[in-house]
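Undergrad: let's see this in three dimensions:
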Amino acid sequence: MTAATIDPAIFAELKDTAGVDFVSELVATFADEEAPQMLAELRDALAVGSAERFRRAAHSLKSNAMTFGALPLGELARSLELGGLPADDAPLMALEAAYADAAAALRELVRG
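TA: Next up, the predicted model:
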């Protein structure tokens, strides 16, 4: 799961640049706080029909995901960022599943 979910070269470069301990903190903050907040913002923006809020939240999630090498998650977020408000929550459900996979894979990589 990890290799397909997280690009190992990008994650290794991040660890080399920022240090293992700092990356562990970043992963915890992303997986436990920031990404869940961004997903909630996407759901809220969709519910109230705010395309701009939706785009900003998708952009933030995309940027964070790409930093960790979570390419599938980042690409899904990118498609939502560029695609405008979806007609239903199916794309968000797919994004949430990709987030769950990425968060699990990142935690596994941090544990070593």
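Undergrad: nearest residue to residue 101 in space, please, no chain neighbours.
TA: In this structure, residue 101 finds its nearest non-sequential neighbour in residue 5, 5.0 Å apart by CB to CB, 6 or more residues apart in numbering. Where C-beta positions appear, they are placed from N, C-alpha and C, glycine not excepted.
Undergrad: quick one: the one you found from residue 110, how far?
TA: 14 Å (CB to CB, to the nearest Å).
Undergrad: likewise for residue 4?
TA: In terms of CB to CB, residue 4 sits 18 Å off from residue 110.
Undergrad: kindly report the same for residue 81.
TA: 27 Å.
Undergrad: regarding the chain, what is its longest helix?
TA: Assignment by DSSP state H gives helix 90-111 as the longest helix of the chain.
Undergrad: let me know the average pLDDT across it.
TA: Mean pLDDT, computed over helix 90-111, is 96.
Undergrad: for stretch 69-78, same thing?
TA: 97.
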